[in-house]
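Student: Model the following, please.
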Amino acid sequence: MPTTTLDYAPLAAPLDRAAAASLAAQLRATGPTGRKFVGMGVAVDVIGAIGFGAVVLVMLPITISGLVTYVQHPDRIDLSFPAITLATLLGSLGMVWWLLHRYLRRTGSPEIWWRLDSFARANGMVFAPWSPEPAFPAALFSAGAGTATYNHVRREGDDFVNIGNLYFQTGRRSMESFEQRWGFVAILLTEPRPLMLLDARRNNRLGMNGLRTAVGSARLSLPWLSDTFVLKAEGSDSESAREVFSDPLISALTNARGVYDVLVQDRWLFLFSRGEFDMTDAALLAELFGIVDIVRAAKL
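Tutor: A predicted model of the protein is given here:
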């Protein structure tokens with residue numbers, strides 16, 4: 001189904017809270033959702049939220065008391081103290097909101113699940129909130145512990161495509177672990193291709209080092225390749241590189257609002273972003289499915 005025929009309306013439709021709650025209960029009953037997973041980052045967020053909540057509980061009465069005293073006796077108290085406490089209170093409330101928003105964005109919420117499930121159903125796809133141990137060949141899918149794809153939609157069949165987010169932890173011990181979150185697109189090709197990497201210069205995250213090492217240092221040049229990217233290939237199969245990294249694909253990647261590395265391995269073409277995708281952003285999904293359309297049009 002071409003991007004131009006996809007229905008993005010469910011991503012912005014009025015929220016049906018009853019349907020969202022029902023879907024969330026169904027998802028939790030039938031499989032993992034990631035909401036019960038507590039990694040180091042989530043634990044830090046929870047501790048931070050508790051800490052800032054405690055600050056709010058302590059500072060709120062102090063702030064109110066200081067302001068009341070100032071109103072009753074403005075000549076007996078310096079306004080700077082209640083002003084500082086008020087600023088601290090507002091900052092703490094803001095931080096608590098940010099931590100909660102970050103947690104829900106990361107693990108998913110009934111609203112996000114409902115919107116993505118509705119979008120997937122409207123377009124003949126399948127939504128999954130959390131899929132442990134994805135079986136993709138790219139090294140990034142086995143670069144750490146606790147690997148899972150989350151908040152992702154996929155189209156089955158010969159035109160298989162999977163778009164969503166990738167999670168894993170790096171580090172040997174739990175207290176030294178770091179969370180990695182990537183946006184990804186996985187497109188099934190019609191035939192195997194040589195190992196190639198279109199390396200975006202602005203996407204130099206640490207996790208890409210494994211991909212660069214696997215591909216090697218051999219570089220290929222294409223007439224339409226901008227200096228935004230470096231094309232690396234195992235060997236020097238310039239014919240395959242020309243077929244895969246066509247002028248329309250390079251143009252779309254260059255003009256995209258996102259920054260994507262492109263890995264070709266066996267029968268797969270992957271896009272990786274340096275941060276997780278906001279999967280409820282219709283413009284972003286349209287951009288990604290537009291790139292998918294270009295790959296499909298080339299009959300790779």
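
Student: mind listing the strands for the stretch 51-200 of the chain?
Tutor: 126-132, 145-155, 161-170, 178-200 (DSSP state E, counting those that start in this stretch).

Student: Can you lay out the ones you listed as TSV showing mean pLDDT and mean neighbour count?
Tutor: Backbone N, C-alpha and C define where each C-beta goes, glycine included. Converted to TSV, the strands of the stretch 51-200 of the chain look like this (pLDDT from 0 to 100; neighbours: other C-beta atoms under 10 Å):
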stretch	mean pLDDT	mean neighbour count
strand 126-132	94	19
strand 145-155	93	21
strand 161-170	92	22
strand 178-200	91	19
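
Student: With distance to G31 as added columns, please give these in a markdown table.
Tutor: Formatted as a markdown table, those follow (distance: least, C-beta to C-beta, whole Å):
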| stretch | distance to G31 |
| --- | --- |
| strand 126-132 | 8 |
| strand 145-155 | 12 |
| strand 161-170 | 15 |
| strand 178-200 | 20 |
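
Student: Which among those strands is found nearest to L11?
Tutor: L11 lies closest, by C-beta to C-beta, to one member of these: strand 145-155, at 10.9 Å.

Student: could I get that closest one in CSV with only the CA atoms?
Tutor: Extracted in CSV, the C-alpha atoms of strand 145-155 (Å, rounded to 0.1, in the frame of the first residue of the first chain):
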residue,chain,number,x,y,z
ALA,A,145,21.0,-7.1,26.9
GLY,A,146,17.2,-7.0,27.2
THR,A,147,16.8,-6.2,23.5
ALA,A,148,13.2,-5.5,22.4
THR,A,149,11.4,-3.6,19.8
TYR,A,150,8.5,-1.5,21.1
ASN,A,151,5.6,0.7,19.9
HIS,A,152,6.1,-0.7,16.4
VAL,A,153,3.8,-1.5,13.5
ARG,A,154,4.5,-4.1,10.8
ARG,A,155,3.1,-5.2,7.5
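
Student: burial of N203, as a residue count?
Tutor: Neighbour count of N203, defined by other C-beta atoms under 10 Å: 18.

Student: Confirm that it lies within a helix, as I assumed.
Tutor: No: assignment of N203 by DSSP: H, G, I helix; E, B strand; the rest coil gives coil, placing it outside any helix.

Student: Who are the contact partners of it?
Tutor: Taking C-beta atoms under 8 Å, 6 or more residues apart in numbering, we find N203 in contact with V259, Y260, D261, F272, S273, R274.

Student: low-scoring pLDDT stretches of this protein, where are they?
Tutor: Applying pLDDT under 70 to the chain flags the ranges 1-4, 33-108, 172-177, 204-218, 235-237.

Student: Sounds good, over and out.
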